[in-house]
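Enquirer: give the three-dimensional model of this entry:
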Amino acid sequence: MAWTRDEVLGAMRDTVRHPATARELIRVLRVPREERASFKRHLAALADSGELVRLRGHLFGTPERSDLVVGSLHTTAGGFGFVSPDGGDRQRDKDVFIPPGALGDALHGDRVVARVERRTDRGFEGRIERVLARKHQRIVGRLDVGRRGQGVVVPFDRRVLADVRVEVDEPLAERDGQMVVVDITAWQAGAGGPEGRVAEVLGPVDAPGVDTQVIIRAFGIPDEYPAEAVADAHRLGDTVREADLAGRTDFRAVPTVTIDGEHARDFDDAITLERIEGLYRLGVHIADVSHYVAEESALDEEAYARGTSVYFPDRAVHMFPPELATGLCSLRPHVDRLVQSCVMDVDRQGRVVRYEMHDGVIHSDARMTYTAVNAIVTDRDPETRAQYAALVPLFELMHELFVVLHDRRRRRGAIDFDLPEAEVVLGEDGMIEDIVASERNVAHRLIEEFMLLANETVAAHLVALDVPSLHRVHEPPDAKKVMDFEAFIAPLGYGLAASGQGLQPRHFQRLIDRMKGTPEERPIAALMLRTMQKARYDADSLGHFGLAAEAYTHFTSPIRRYPDLVVHRSLRESRRGPLSAARREELVDGLPEVARHCSDMERRADDAERELLQWKKVRFMADKVGDEFEGFVTGVAPYGLFIELVEHYVEGRVHVTSMADDFYRFVEDQHALFGERTKKTYRLGDRVQVQMVRVDLERRQVDLAVVEILDAVRRQTRGAASPRGGSRVKKTTRKTPQRPGRRERAAKRAKRSR
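Expert: As a prediction, the model looks like this:
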């Protein structure tokens, strides 16, 4: 039998103790002559993937026996980076620090081989030996045109430390200073940096919509659909056909509504609710995307690649073409729509005593908004109640059930963060006109409770039937992080009153309840979130710590989340009877990769949405330099404080160099900076008065200064020019290609700081 790739890798790990040439390995492992060619091919492939390493002298070895680490490179704007080893989430104690000058031609996000050269008090330190795979084949940035037709593209992502050299013709020279997309054509180490070709001009950075296009390109979010996928969507039409109704449960006679935001266009879920035999019969009806989108079809492949819809302040990038997302699969009012339905009978203690899963059809009676429903059940607005008189009893029954479900979830100990979030108000030009606290009223909360109940019921159903599927998992927090969190909140008079194996979600919820309305509520809640694990998708049902649920999944949004589509397919298969052995094996083998990919795409979408919102916030603050604001400390680092402004929900940075009244020492476990002479302390959660001193439009960063420190410095200088008077918005300056590269400049700064 010929050697397989896995057998070669296993033999290298189990048998070969030292790096060796291919010929030596063939001899040691006694590879037959007829299998030697395939053996060498497997060696080369394993070296290309990083599972083995190729060393000088044509030697092959395993990374762990060669002081080498294979993983992803994460660089910072400061010019240094870390390599996170393959095989798990980033852990600082396992990451390898890569100082300036040791990065070679590797860029942020590349998969690399790093050599560990020393171990310091703060961990491992090393250098990049080899780039295995490039993350960036395209880079988005600002075009800077120099002399003699030369130019550079300065990357938008500040973590990409090398500018890209490009040739500039006369038409392109006229786009000097504009945002462009550049394809990398050659990689070079050293000051030369990579070379590229401008593939797309996005336009001036301050033109309407350009910021969104920059973010879409920078994060690699597909903005157009393949012709095949669009053609498939067109072929499906825009109405439910009579043939589609065969075998479906008909819910069209039951009063049905959707409840969404004012600007929503893709309606995933609809609700029915009746009181039957002393029970609440709640129907959660979800758009049946799986009926229209077959596995491995063009539509399915594109949806999988995207993983999720992405929602920006001024537009949405949907997972499916609009013909499906806002058309045939959207549960619009007054038209028939196909659904998968979870119908639950709930008792007065909030327990699901019976449930059924259906392929159904609905006919929504109204497209309601959160504002309108809140006006009916909370404000009892006469005009709104009159407008929806026929549905008012339904909404009042919904509110009654919401109270029952919410009380049960609280008794169970689920964690409920209910802090106000920033909501941006955009003008016609796409720029922020204001930033306000989002209003999360009872209508938001009742829909949330109904969706949580349906997701949990579906997850328990799939687990009980042993049907392979995707699950939404949230594992218990890391014990060390909990200890650090407890050490921080103890001096403030708070505690979790539990530790180790006895720690339950309810302990966190009790702390949230105690902090309600206090000045420290928001920053402690933010630190609590950082203490928690990140929720993710998994092929195994591992429970959801935050919701105190033994099983949980995502069932309610298949228009905008691919995992929900997978769950719908699992439900449909479960209704057809037992799975064949071959089908079960196919699902068990394939689902872990689907879970990993969907988790990655979710993080990409979250990061892109956050980055664009931060960019718009910074531009919103540009005309407020010199103004003073109240804020609270949301983060503490050796280089300064992070402050969130109370008024605008904008986060800025107080760099330690602006804290000139004293030498401030960073105490990590207390999340604080201590002044050695003045004994002043700035710690997480403190309220402070700050002044806006600079808005850096290029770095998308707001620089602040603490007012009491500015006043102290002014007093110390006995009337000299006040630091509060010379603030300005930092303007983006054009640079010529002849200047040192960004990596070289960062290395010089790091050298000076040492």
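Enquirer: separation between K94 and R122?
Expert: K94 sits 13 Å away from R122, going by CB to CB, to the nearest Å. Using the backbone N, CA and C atoms, a C-beta is placed for each residue, glycine as well.
Enquirer: got the contact list for D379?
Expert: For D379, the contact set (CB atoms under 8 Å, 6 or more residues apart in numbering) is empty.
Enquirer: so it, which of the three states?
Expert: coil (DSSP: H, G, I helix; E, B strand; the rest coil).
Enquirer: can you check F629 too?
Expert: Here F629 takes the strand state, with states given by three-state DSSP.
Enquirer: again with P171
Expert: Of the three states, P171 takes helix under three-state DSSP.
Enquirer: what about the residue nearest to G109 when sequence neighbours are not counted, neighbour count?
Expert: Leaving out its chain neighbours, the residue that sits closest to G109 by CB to CB, 6 or more residues apart in numbering is K135, at 3.2 Å. When neighbours are counted by other CB atoms under 10 Å, K135 registers 15.
Enquirer: walking through the stretch 51-200 of the chain, point out its strands one by one.
Expert: With DSSP state E, counting those that start in this stretch as the criterion, the stretch 51-200 of the chain has strands at 53-55, 59-61, 68-75, 81-85, 96-98, 111-120, 123-133, 138-145, 150-155, 164-167, 179-186, 195-203.
Enquirer: neighbour count for K94 and R122, which is higher?
Expert: K94 (17 against 9).
Enquirer: tell me, how many neighbours does the residue nearest to the more buried one when sequence neighbours are not counted end up with?
Expert: Nearest residue to K94, sequence neighbours excluded (CB to CB, 6+ apart): P85, at 5.7 Å. Neighbourhood size, P85 [other CB under 10 Å]: 18.
Enquirer: domains in this protein, as residue ranges please.
Expert: Annotated domains of the chain cover 5-63, 67-133, 227-407+436-461+562-570+592-610, 479-532, 625-723 [automatic domain parsing].
Enquirer: rewinding a little: what pLDDT does the residue nearest to G109 get?
Expert: Listed pLDDT for K135 reads 88.
Enquirer: residues contacting it?
Expert: K135 is in contact with 107-111, counting by CB under 8 Å, 6+ apart.
Enquirer: rerun that using 10 Å as the cut-off
Expert: Contacts for K135 (CB atoms under 10 Å, 6 or more residues apart in numbering) come out as 72-73, 106-111, 160, 220.
Enquirer: likewise G237?
Expert: Counting by CB under 10 Å, 6+ apart, G237 touches 292, 323, 327-328.
Enquirer: returning to what we had before: among the strands of the stretch 51-200 of the chain, which gets the worst mean confidence?
Expert: In terms of average pLDDT, strand 53-55 trails the rest of those, at a mean of 74.
Enquirer: by contact count, what packs against that one?
Expert: When contacts are defined as 3 or more CB pairs under 10 Å, 6 or more residues apart in numbering; DSSP states H and E, strand 53-55 packs onto helix 36-49, strand 59-61, strand 68-75, strand 111-120, strand 123-133.
Enquirer: looking at the ones you listed, which is nearest to Y311?
Expert: Proximity to Y311 (CB to CB) singles out strand 68-75 among the helices and strands packed on strand 53-55, at 25.9 Å.
Enquirer: quick one, the closest one and strand 81-85 angle?
Expert: Interaxial angle, strand 68-75 versus strand 81-85 (axes from the mean of the first three to the mean of the last three CA atoms, to 10 degrees): 130 degrees.
Enquirer: got phi/psi on the closest residue to I216 other than its chain neighbours?
Expert: Ranked by CB to CB, 6+ apart and with sequence neighbours excluded, the top spatial neighbour of I216 is D223, at 5.3 Å. D223 adopts backbone torsions of phi -110, psi -10, taken as degrees, to the nearest 10.
Enquirer: also R677?
Expert: Torsion angles, degrees, to the nearest 10, at R677: phi -90, psi -50.
Enquirer: now do the SS call for T657.
Expert: State at T657, reduced to three classes by three-state DSSP: helix.
Enquirer: name the residues of stretch 702-709 that are buried.
Expert: Neighbour-count burial for stretch 702-709, counted by 16 or more other CB atoms under 10 Å, picks out 702-707, 709.
Enquirer: so of these, which ones are in strands?
Expert: Secondary structure from DSSP state E places 702-706 of these in strands.
Enquirer: for stretch 397-405, the distance to its chain's centre please.
Expert: Computed by CA atoms, centre = their mean, to the nearest Å, the chain-centroid distance of stretch 397-405 equals 32 Å.
Enquirer: so what touches that stretch?
Expert: Counting by CB under 10 Å, 6+ apart, 257, 259, 271, 273-275, 280-282, 346-352, 373-374, 376-378, 391, 442-443, 445-450, 452-453 sit against stretch 397-405.
Enquirer: recalculate using a threshold of 6 Å.
Expert: 273, 280, 350, 377, 446, 449 (CB atoms under 6 Å, 6 or more residues apart in numbering).
Enquirer: what angle do the helix ranked longest in the chain and strand 701-706 make?
Expert: Longest helix in the chain, counting residues (DSSP state H): helix 581-621. Angle, helix 581-621 to strand 701-706, by the same axes, to 10 degrees: 60 degrees.
Enquirer: does F60 really touch L52, like I thought?
Expert: Yes - between F60 and L52 a contact is recorded at 5.5 Å, counting by CB atoms under 6 Å.
Enquirer: thinking again about what came up before, how close does the residue nearest to K94 get to D105?
Expert: 21 Å.
Enquirer: same deal with V346?
Expert: V346 sits 60 Å away from D105, going by CB to CB.
Enquirer: more neighbours, the two?
Expert: V346 (23 against 17).
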